[in-house]
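In: Curious how this folds, go ahead:
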Amino acid sequence: MCQADNIHKRSATVDNRDSPMVPPWPGPVKNSFHKRLSSNASPVRRCNYVSKATTDLWGRLFDEGYRADVAIHTDDGGIVYAHANLLGMASPVMKGLLRQPKVSRRPRTISIQGFPYDAVRVFIRFLYSYCYEEKEMEEFVVALLVLSHLYAVSPLKRECEQKLEGGLLTKENVVDIFQLALLCDAPRLSLICHRMILKNFKAVSVTEGWKVMKQSHPTLEKELLESAIEEDNRKKERIRKINERKIYLLLYDAMEALVHIYRDGCQTIGPCDKDFKENKDPCKYVACKGLELLVRHFAGCKLRVPGGCIHCKRMWQLLELHSRLCADSHVCKVPLCRNFKERIRKQSKKDEIRWKMLVKKILRTKKIAGAPFLSSGVVSSLWQ
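Out: So this is what the prediction gives:
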């Protein structure tokens, strides 16, 4: 069994509300890291801003084990030799383990069970100079994440999180990493894993990691399922609002085109008080073409009464909507504008509320304040 199973069990809860934004990494600090290149310009290892001679000296101290006074045993029979003073300064947990007095000249011993020898060696090597080989990090990143949490080595923990976020996190291992992030107190990593699971839920839910989690942590699986359902509902709600917004924008464009047709005239319809001019420039209003056909039908239809013809009913609704948006019906050239103003005063409270909500949504969508047929006073009054 991996020693990670001995970590203090915490409640693996998932926030079912809207996922917050991922917090940024801290800004550059004194011990920040950078990528050092070898002579052939290939990344070798990540180190702090210390000269190469110094890091090589620390590396030799670890590799040769000169005057090492600690022997670290792994469960596969391997032994890693290290120096107690350095381990104690790099890890408060190690410092506590090494407090017992030395009774002989023999090295003090520490046992790290549940991890392979190579992973433990990379972990101890990091404590000497905060350096690591890129290939070793990619191979043992999960073990190093757990070790860094167990022994409170924050710099290595940040490095492991960055490596996972930078490309080592996949659909196949995201469930396992998510559980480790919850156990290892890595909120940023757990949040990124959670978002990745929701984004690729179908692919993730058939992985081996999900099946194991289903057996070992059914509560966590239930919470992830609830989060996925809520995320799907939020997605549907966003799509619904986008479609609604498109409709409100079309209605606003239709209102502009309606004023344009009766005030200025268009390609085939001229204003009532002006002579029709042929060979006009192309109309800039997209809704004009459809409105011209609707106006011509409305003028010649014998079932013009509301409810008698579906096209005429639509025209009646557009005319009423215009009257509710019109700034001054006394000078407006759209037919029946003043008549609808009188009719509005006699409408039922239910119809009035419905129309007022529609007008507010159109104004909110377009964010208008001085359209050709609106005044700022009319707009402000609609929000009261």
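
In: From I192, how far out is P218?
Out: The spacing between P218 and I192, counted by Cβ to Cβ, to the nearest Å, is 24 Å. C-betas here are computed from N, CA, C, even on glycine.

In: And L293, how close does it get to M315?
Out: According to Cβ to Cβ, L293 stands 11 Å off from M315.

In: Counting neighbours, go ahead and name the busier of P218 and I192.
Out: With neighbours defined as other Cβ atoms under 10 Å, P218 and I192 compare such that I192 has more, 21 against 10.

In: per-residue confidence at the more buried one?
Out: I192 carries a pLDDT value of 95.

In: isn't there a helix covering it?
Out: Yes. Judged by DSSP: H, G, I helix; E, B strand; the rest coil, I192 forms part of a helix.

In: shouldn't it be in contact with E165?
Out: Yes. Assessed by Cβ atoms under 8 Å, I192 is found in contact with E165 at 5.9 Å.

In: Can you tell me the closest non-neighbouring residue to K361?
Out: Y248 (5.5 Å; Cβ to Cβ, 6 or more residues apart in numbering).

In: Contact partners for that neighbour?
Out: K361, I362, T365, K366 (Cβ atoms under 8 Å, 6 or more residues apart in numbering).

In: Give me the subset of these that lies in helices.
Out: The helices, defined by DSSP state H, take in K361, I362, T365, K366 from these.

In: Can you pull the phi/psi pair for the closest residue to the second one other than its chain neighbours?
Out: For I362, the nearest residue in space outside its immediate sequence neighbours is Y248; the separation is 4.8 Å by Cβ to Cβ, 6+ apart. The main-chain torsion angles of Y248 are listed as degrees, to the nearest 10 and equal phi -70, psi -40.

In: gap between Y248 and K366?
Out: Y248 sits 7 Å away from K366, going by Cβ to Cβ.

In: ok, which stretches of the stretch 1-150 of the chain are strands?
Out: Assigned by DSSP state E, counting those that start in this stretch, the stretch 1-150 of the chain shows strands spanning 34-37, 43-47, 70-74, 79-82, 108-112, 132-133.

In: which stretch in these is the model least sure about?
Out: Averaging pLDDT over each of these puts strand 34-37 lowest, since it has a mean of 38.

In: where in the chain is pLDDT low?
Out: Applying pLDDT under 70 to the chain flags residues 1-50, 101-104, 267-282, 304-308, 367-384.

In: Domain map for it?
Out: According to automatic domain parsing, the chain comprises the domains 3-216, 235-382.

In: Reformat those domains into JSON lines and put distance to L224 next to each item.
Out: Output for the domains of the chain, formatted as JSON lines (distance: least, Cβ to Cβ, whole Å):
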{"stretch": "domain 3-216", "distance to L224": "6"}
{"stretch": "domain 235-382", "distance to L224": "16"}
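
In: Ok, which of these comes nearest A228?
Out: Closest of the domains of the chain to A228 is domain 3-216, at 4.8 Å (criterion: Cβ to Cβ).

In: measure L319 to K313 for me?
Out: L319 is 11 Å from K313, by Cβ to Cβ.

In: higher neighbour count, L293 and M315?
Out: Applying other Cβ under 10 Å to L293 and M315 shows that M315 carries more neighbours, namely 22 against 12.

In: Which strand or helix spans that one?
Out: Per DSSP states H and E: M315 is located in helix 310-325.

In: Which other helices and strands does that helix contact?
Out: helix 218-263, helix 288-300, helix 337-344, helix 349-366 (3 or more Cβ pairs under 8 Å, 6 or more residues apart in numbering; DSSP states H and E).

In: Any idea how far the last one is from the middle of the chain?
Out: In this case it means helix 349-366. Averaging C-alpha positions (Cα atoms, centre = their mean, to the nearest Å) puts helix 349-366 32 Å from its chain's average.

In: What of the first one?
Out: Counting by Cα atoms, centre = their mean, helix 218-263 is centred 18 Å from the centre of its parent chain.

In: do the third one as well
Out: Chain-centre distance of helix 337-344: 48 Å, with Cα atoms, centre = their mean.

In: Output that helix as PDB, restricted to C-alpha atoms.
Out: Provided in PDB are the C-alpha atoms of helix 337-344 (Å, rounded to 0.1, in the frame of the first residue of the first chain):
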ATOM      1  CA  CYS A 337     -48.700  54.600 -33.300                       C
ATOM      2  CA  ARG A 338     -51.000  57.100 -31.600                       C
ATOM      3  CA  ASN A 339     -53.900  54.600 -31.600                       C
ATOM      4  CA  PHE A 340     -51.800  52.000 -29.700                       C
ATOM      5  CA  LYS A 341     -50.800  54.700 -27.200                       C
ATOM      6  CA  GLU A 342     -54.500  55.100 -26.300                       C
ATOM      7  CA  ARG A 343     -55.100  51.300 -26.400                       C
ATOM      8  CA  ILE A 344     -52.200  50.700 -23.900                       C
END
